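> structure of the sequence below:
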Amino acid sequence: MISVSFKNIQRNKVRTFLALLGIMIGVASIISLVSIVDGLFAQVQDVVGQVQGIRVVKSSGDPVFARLDSSFEQTLDSFPGVRVAVPQVMGPIGSIDSTTYTFGSARLIGIDFSKQQQGRSTGIVGEIVEGRLLRGGDAGVAVIGKGIKDSLNKFVGSSIKINGEKLKVIGVYSSGSSLLDSSVIVSISDARNILSFPSDKVSAFNVELINPEDTALVVDRLNFQFKGDFTAVSSSDLAEQFGDILGSFRLLVLAVAAISSIVAGVGIINTMLMSVIERFSEIGVLKAIGWTNYSVMKMIIFESVLIGVIGGILGIFAGFFVGFLIGTFFGLNALITLPLILQVFAYAVFLGLVGGIYPAFVAS
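Got it, this is the predicted structure:
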């Protein structure tokens, strides 16, 4: 039965190819898009795992856009369980040298390193791979992310002009995430100057605790006592927030990709129905020599499922290729897992099965 079905789908190669192409595009789009979202989530999980202490931000909004009174610094420094509260200023980078950046694609991060030296951490996510980190009192210098170093061919000792202000590169850091390696770290005073940031405001505070095991307790106390003024979040809170956002985005991506797959399913129905109409006489002969309605239906469904299987396999390879291209040209890591491959392949087979039911009924 399988060999007969395989020969039948080769009768009209162009029509079969178009049905296969529809399945292949649907499967490839699901694998590539979902794997990118999963890769982003894995990156976020890895980055958040490197975050230490507590982030204090305005009750609503991203720190890049929010403004928090700098007067909270003394309040946080004296809060029970807190070792040091380090103010930060953040903002989007409009241009570096002659290169213009789209909004949000690169960030300027200003840190009060005089305060940061009172803590145990470096204050940055990642590690210094070239040169050194800023110290208290440094001015007119910057530490750049590896992504910016590679894209602009910068090195320790070279100059860099951010939003028109000239700085000297004294270090390069790498976080392992393309999302965070597109930032420039400077002193908080330089950041205020470059971003025209108000002197009595900050974007956020990084709060380091005396005992890291008290993180959940201190977060609850801060949010209870200063509700409405600011919000304190731990690394686990950040991971959960990003997980919810990316989870919703994953569902959206699946929905969009599923639409193309449904179109592919309609293509299978059309292909099989045309094949059945062209073979009415042949099917009549088969029934005359003893084939039952069930046997005819089974043959047509085998042909349809076979299209789903072949299209699913080709789509998986195409999804790998598209994921590789996206990772190469856009710096996004596509995380293609075995469960994702099995789920998408099963979906392709299911489309083939459903697409063959009505034509099989007509044939019988």
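
> tell me how many other residues surround Leu314.
Leu314: 18 surrounding residues under other Cβ atoms under 10 Å. For the C-beta atoms, the positions are set from N, CA and C on the backbone; glycine is no exception.

> now Ser35
Look at Ser35: counted by other Cβ under 10 Å, it has 26 neighbours.

> is it in contact with Pro339, as I believe?
No: using Cβ atoms under 8 Å, Ser35 is not in contact with Pro339, being 11.4 Å away.

> average pLDDT for the helix or strand containing Ile268?
Applying DSSP states H and E as the criterion places Ile268 in helix 235-278. Mean per-residue pLDDT for helix 235-278: 72.

> packing partners for the helix or strand just after it?
Moving toward the C-terminus from helix 235-278, the next helix or strand (DSSP H and E) is helix 280-288. Here helix 280-288 touches helix 293-330, going by 3 or more Cβ pairs under 8 Å, 6 or more residues apart in numbering; DSSP states H and E.

> let's see that with 10 Å instead.
For helix 280-288, the elements it packs on are helix 293-330, helix 338-363, judged by 3 or more Cβ pairs under 10 Å, 6 or more residues apart in numbering; DSSP states H and E.

> export it as CSV, just CAs?
Taking C-alpha atoms only, helix 280-288 is exported to CSV below (Å, rounded to 0.1, in the frame of the first residue of the first chain):
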residue,chain,number,x,y,z
PHE,A,280,-12.0,8.0,-11.0
SER,A,281,-11.8,5.4,-13.7
GLU,A,282,-8.8,3.8,-12.1
ILE,A,283,-10.5,3.7,-8.7
GLY,A,284,-13.5,2.1,-10.4
VAL,A,285,-11.3,-0.7,-11.8
LEU,A,286,-9.8,-1.3,-8.3
LYS,A,287,-13.2,-1.6,-6.8
ALA,A,288,-14.3,-3.9,-9.6
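
> show me which residues of it are buried.
Ile283, Leu286 (16 or more other Cβ atoms under 10 Å).

> what does that helix contact?
Residues outside helix 280-288 that contact it (Cβ atoms under 10 Å, 6 or more residues apart in numbering) are 4, 8, 276, 279, 291-293, 295-296, 299-300, 362-364.

> angle of it against helix 293-330?
With axes from the mean of the first three to the mean of the last three Cα atoms, to 10 degrees defining the directions, helix 280-288 sits at 130 degrees from helix 293-330.

> any idea how far the closest residue to Arg67 other than its chain neighbours lies from Val305?
Leaving aside its chain neighbours, Arg67 sits nearest to Lys201 (4.4 Å; criterion: Cβ to Cβ, 6 or more residues apart in numbering). The gap separating Lys201 from Val305 is 63 Å, by Cβ to Cβ, to the nearest Å.

> got the angle for the one helix or strand Leu40 maps to vs helix 338-363?
Secondary structure assignment for Leu40, by DSSP H and E: helix 13-50. Angle between the axes of helix 13-50 and helix 338-363 is 150 degrees (criterion: the same axes, to 10 degrees).

> ok, Arg67 - contacts?
Contacts of Arg67 (Cβ under 10 Å, 6+ apart): Lys58, Gly61, Val89, Phe197, Pro198, Asp200, Lys201, Val202, Ser203.

> SS state for the third one?
The one in question is Val89. strand (DSSP: H, G, I helix; E, B strand; the rest coil).

> relative to Phe249, how far out is it?
Using Cβ to Cβ, one gets 29 Å for the distance from Val89 to Phe249.

> the more surrounded of these two?
Val89 (28 against 15).

> so Leu108: helix, strand or coil?
Counting by three-state DSSP, the backbone at Leu108 sits in strand.

> now it: how far from Met90?
For Leu108, the distance to Met90 - Cβ to Cβ - is 7 Å.

> between these two, who's got more neighbours?
Between Leu108 and Met90, counting by other Cβ under 10 Å, Leu108 is the more crowded of the two (25 against 21).

> list the contacts of that one.
64, 89-94, 96, 142, 162-163, 165, 183-186, 190-191, 194-195, 197.

> just for the stretch 101-250 of the chain, where's the confidence low?
103-104, 178-179, 236, 238-246 (pLDDT under 70).

> hang on, Ile326 packs against Ala334?
Yes: Ile326 is in contact with Ala334 according to Cβ atoms under 10 Å; the separation is 6.0 Å.

> how many neighbouring residues does Asn193 have?
Neighbours around Asn193, by other Cβ under 10 Å: 16.

> related to what we said a few turns ago, please say which of Lys201 and Val305 ends up with more neighbours.
Higher neighbour count among Lys201 and Val305: Val305, with 22 against 16, using other Cβ under 10 Å.

> list the contacts of the closest residue to the more buried one other than its chain neighbours.
Closest residue in space to Val305, ignoring its immediate chain neighbours: Gly352 at 4.4 Å, by Cβ to Cβ, 6+ apart. Shown in contact with Gly352 (Cβ under 10 Å, 6+ apart): 19, 23, 264-265, 268, 272, 301-312.

> show me how to select, in PyMOL, the buried members of those residues.
In PyMOL, a selection of the buried entries from the contacts of Gly352 looks like this (16+ other Cβ under 10 Å):
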select buried, resi 19+23+264+265+268+272+301+302+303+304+305+306+307+308+310+311+312
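
> about what we covered before: narrow the contacts of Leu108 to those that are buried.
So, by 16+ other Cβ under 10 Å, the buried ones in the contacts of Leu108 are 64, 89-94, 96, 142, 162-163, 183-186, 190-191, 194-195, 197.
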